[in-house]
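S.K.: quick one, what's the 3D model for this:
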Amino acid sequence: MRVVAADVEAIGRHYSAAIEAGSYAAAERVVQEALAAGLTGAEILTRVLTPAMYRIGERWERAEITAVDEHLATAISNRIMGTIYGTLMVEMPTSKERVLIAAVEGDQHVMGLRMIADVLEGSGYETIYLGADTPLAGLISSIQRHTPSVVALGATAPWSAKMLLETVIAVRASDPAMPIVIGGAQAERAASAAADDLIFVASDAESVVSVVAAAVSARV
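M.R.: Take a look at the predicted model:
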């Protein structure tokens, strides 16, 4: 049985209410019910957790919740991602190409990036996850050391748009044939500015597997 859009919206509201109340137990119940209803792990990450965390961020910006409330909601969602992780395992681990994943220098927003890494791992890709605020020089060094087939970059904060473009240019200078997958709020802008045929945009955790597969094929 497929879950219809109205059901997903209801699940999302229940999840939002749970994390806003600071209840991990309630959030986990919502996720378990979503899985039982037929949503995949990637769908829950994209359609439930991501919108809920956007709402948390918006409420914090409007001073409707405190920074502590925002941190608690983030911590709960990070724990929930651990619960979901096992459901993402659909292919033999490290049976596919290596993908190096990093947030650009200065960007601390990594929940979406971690979702992408988890989904790729579950789909058989070997991931090298560098995490938040990756220094540009260190990123280039890591690419040279780990020799990935694809580099995936995240840039979410408004001030990271320029750094994303600079990072794309630096990666391209280091390896002219490297496919680069970019995601986050600044991705489309950077892709347009770079005008590079080996740049691919992943909009969410549901689409990233097909986007990375296209990027791998582009290098061959």
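
S.K.: okay, CA-based contacts and neighbour counts for the rest of this
M.R.: Noted.

S.K.: just the strands in this structure please.
M.R.: 98-103, 126-131, 150-154, 180-183, 199-201 (DSSP state E).

S.K.: please identify which of those strands is closest to Met92.
M.R.: Closest to Met92 of those is strand 126-131 (Cα to Cα; 10.2 Å).

S.K.: other residues contacting that closest one?
M.R.: Here strand 126-131 makes contact (Cα atoms under 8 Å, 6 or more residues apart in numbering) with 93-103, 110, 113-114, 117, 120-121.

S.K.: give me phi/psi at Pro176?
M.R.: phi -60, psi -20 (degrees, to the nearest 10).

S.K.: helices of this protein, start to end?
M.R.: 5-20, 24-37, 41-44, 50-61, 67-85, 111-122, 136-146, 161-174, 187-194, 208-219 (DSSP state H).

S.K.: which of the residues in the last one are buried?
M.R.: Right, the one you point to is helix 208-219. Val208, Val209, Val211, Val212, Ala215, Val216 (16 or more other Cα atoms under 10 Å).

S.K.: hmm, who's touching it?
M.R.: For helix 208-219, contacts defined as Cα under 8 Å, 6+ apart pick out 97, 116, 119-120, 123, 149-150, 177-181, 198-202.

S.K.: the inter-axis angle of that helix versus helix 111-122?
M.R.: When axes from the mean of the first three to the mean of the last three Cα atoms, to 10 degrees is applied, the directions of helix 208-219 and helix 111-122 differ by 70 degrees.

S.K.: do the second one as well
M.R.: Orientation note: helix 24-37 sits at an angle of 40 degrees relative to helix 111-122 (the same axes, to 10 degrees).

S.K.: please name every helix or strand in contact with helix 24-37.
M.R.: helix 5-20, helix 41-44, helix 67-85 (3 or more Cα pairs under 8 Å, 6 or more residues apart in numbering; DSSP states H and E).
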